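S.K.: predicted model follows, preceded by the sequence.
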Amino acid sequence: MTLQELKREFVRLYGGDESDVRLFMSPGRVNLIGEHTDYNGGYVFPAALTMGTTIAVRQIPERVIRLRATDLPDFVEADIDNLDNYRDIKWGNYQIGVAVELQKRGYEILGCEMLFYGNLPYGGGLSSSASIEVATALALATFSNEKKGVTEPVNMIEMAQVGQGAECNYCGVNCGIMDQFASAMGKKNQVIFLNCKNLDFKLVPLEMDGYKIVIANTNKKRSLADSKYNERRAQCEEGLKALRRALPEAECLGDISMEQFIEHKALIEDEIIRNRVEHVISEDNRVLLSIEALNSGNVVEFGRLMNGSGDSLRDLYEVTGVELDTLVEEARKIDGTIGSRMTGAGFGGCTVSIVREDAVDEFIEKVGRAYEEKIGYAASFYVDNVGDGGHEIK
């Protein structure tokens, strides 16, 4: 759907004309390495995509937020003065949760009509929820600031925090900050190296001449809230508690080095808990090594580190499953694939692979055929670019 088609659809649904309709966009993200480290105060290495969520929106005088999507029949009309009443709605709770978080931070929520268009696979692990949250936050915060006469740009780090707060506090998914941060702060052709403990970050140029990022979606139906995500988080907290008997200064697993873990891992008596912790701490180390590899132009070494991450997610953190494992195994058989791993929360969702440009068509054909033969239904493939974070489309 083009931007002009989105505006036309908005007018068809809500009436009026296009003169007062504004557009806000925020992308999904792919995490190249550093998985299940964000809620442990560790390091992540995500990039914003060009795919994402675009909102057509208009201010209205009524004290309501009206929500529609181009691909859903749902219609939500939420009373701005009673936003806590919509936690259990089937669709729209991400957006209402964002409004609640903005109210907590002193933003005035103004009445508006919104039409959402997304081209990310929902539930695919590319953070469609974060793109919805950040785009919604940016639109609502922009309106609030304009009414107050605030001329500075919206603080996009705060919008990332608002999105995370909505997901945790309103929607009940105990997520980390990575997805929303990448959606808000991404830059074209750059990857974000983010310390999730203190939100320190730097942008690392992604120079992969001759290679492409290929995303493969398992198309397995899953819900993050229904997955074992919260269980993994609790297991990490239990492991941290054990290690703090020797390392009392550690506030999170991200504070613990690989050397410290090796020295004190016997304090974690439960093997499963120990495996979870080993994944997180070794994954943080792989992120740091990845920065070195890319800064020195060694894309092949970066691919090797991606493979190590995928193996750890499969064997130690146990968040893959037959669908993701099949995509990764078949991807690594292709001459031209230098790295392949699951990305996102796992239990379905997507893989990310770095593939030599002249091998991309072969990759999609052979991996897709092998997957469908084994799993019984088709995967979807996306060859996307690294794009900018949340912004208003002027």
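M.R.: Noted; the coordinates are in hand.
S.K.: for L115, what are phi and psi?
M.R.: Phi and psi for L115, reported as degrees, to the nearest 10, are phi -130, psi 120.
S.K.: could you do I393 as well?
M.R.: Here is the backbone geometry of I393 (degrees, to the nearest 10): phi -90, psi 110.
S.K.: the longest helix along the chain: what's the following helix or strand?
M.R.: In the chain, taking DSSP state H as the definition, the longest helix is helix 271-295. Sequence order places helix 299-315 as the next helix or strand after helix 271-295, per DSSP states H and E.
S.K.: mind listing the strands for the stretch 1-150 of the chain?
M.R.: Along the stretch 1-150 of the chain, counting by DSSP state E, counting those that start in this stretch, strands occupy 22-31, 43-44, 46-59, 64-69, 75-79, 112-118.
S.K.: quick one on the thing from earlier: okay, the angle between the longest helix of the chain and strand 22-31?
M.R.: 110 degrees (axes from the mean of the first three to the mean of the last three C-alpha atoms, to 10 degrees).
S.K.: okay, and for this protein, where does confidence drop off?
M.R.: By pLDDT under 70, the low-scoring segments of the chain are 123-125, 222-227.
S.K.: quick check: which element contains V162?
M.R.: helix 156-165.
S.K.: does anything pack onto that helix? Which helices or strands?
M.R.: Packing contacts for helix 156-165, counted by 3 or more C-beta pairs under 8 Å, 6 or more residues apart in numbering; DSSP states H and E, involve helix 93-104, helix 128-148, helix 178-185. In this view, the C-beta of every residue, glycine as well, is placed from N, C-alpha and C.
S.K.: let's have the ones you listed in TSV, adding distance to D200.
M.R.: TSV is the format used below for these (distance: least, C-beta to C-beta, whole Å):
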stretch	distance to D200
helix 93-104	23
helix 128-148	20
helix 178-185	11
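S.K.: which one of the ones you listed is the most hemmed in?
M.R.: helix 178-185 (a mean of 30; mean count of other C-beta atoms under 10 Å).
S.K.: what residues does that one touch?
M.R.: Outside helix 178-185, the residues within contact range by C-beta atoms under 8 Å, 6 or more residues apart in numbering are 26-29, 31, 34, 38, 44, 46-48, 52, 127, 129-131, 133-134, 138, 156-157, 159-164, 167, 192, 194, 196, 199, 201, 389-390.
S.K.: got it, and stretch 368-387?
M.R.: The list of residues contacting stretch 368-387 from outside it, by C-beta under 8 Å, 6+ apart, reads 27, 30, 47-52, 121, 186, 188-191, 206, 212-219, 322-323, 326-327, 330, 360, 364, 367.
S.K.: what about that stretch, how long is it end to end?
M.R.: Length of stretch 368-387, first residue to last, C-alpha to C-alpha, to the nearest Å: 26 Å.
S.K.: just to revisit the earlier point, now render the strands of the stretch 1-150 of the chain as TSV, adding distance to M258 and mean neighbour count.
M.R.: TSV is the format used below for the strands of the stretch 1-150 of the chain (distance: least, C-beta to C-beta, whole Å; neighbours: other C-beta atoms under 10 Å):
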stretch	distance to M258	mean neighbour count
strand 22-31	20	27
strand 43-44	12	28
strand 46-59	22	24
strand 64-69	44	21
strand 75-79	47	15
strand 112-118	39	22
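S.K.: out of these, which is closest to E5?
M.R.: strand 112-118 (8.8 Å; C-beta to C-beta).
S.K.: still on that earlier bit, list the buried residues of the longest helix of the chain.
M.R.: Residues of helix 271-295 classed as buried: 273-287, 289-291, 293-294 (neighbour count, 16 or more other C-beta atoms under 10 Å).
S.K.: which residues touch the closest residue to R66 other than its chain neighbours?
M.R.: Take R66 and drop its neighbours on the chain: the residue closest to it by C-beta to C-beta, 6 or more residues apart in numbering is E113, 4.4 Å away. Applying C-beta under 8 Å, 6+ apart, we find E113 in contact with F10, Y14, V57, R58, I60, R66.
S.K.: most widely separated two among those?
M.R.: F10 and I60 (12.5 Å).
S.K.: the two: who's more crowded?
M.R.: Remark: of F10 and I60, F10 carries more neighbours, 24 against 16, as counted by other C-beta atoms under 10 Å.
S.K.: dump the residue contacts of the more buried one.
M.R.: Contact partners of F10, counting by C-beta under 8 Å, 6+ apart, are E18, V21, A56, R58, E113, L115.
S.K.: let's see 10 Å
M.R.: 16, 18, 21, 23, 55-58, 68, 70, 113-115, 117 (C-beta atoms under 10 Å, 6 or more residues apart in numbering).
S.K.: can you put these in JSON lines and add distance to V100?
M.R.: Output for the contacts of F10, formatted as JSON lines (distance: C-beta to C-beta, whole Å):
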{"residue": "G16", "distance to V100": "27"}
{"residue": "E18", "distance to V100": "30"}
{"residue": "V21", "distance to V100": "25"}
{"residue": "L23", "distance to V100": "24"}
{"residue": "I55", "distance to V100": "18"}
{"residue": "A56", "distance to V100": "22"}
{"residue": "V57", "distance to V100": "18"}
{"residue": "R58", "distance to V100": "21"}
{"residue": "R68", "distance to V100": "20"}
{"residue": "T70", "distance to V100": "25"}
{"residue": "E113", "distance to V100": "19"}
{"residue": "M114", "distance to V100": "16"}
{"residue": "L115", "distance to V100": "21"}
{"residue": "Y117", "distance to V100": "24"}
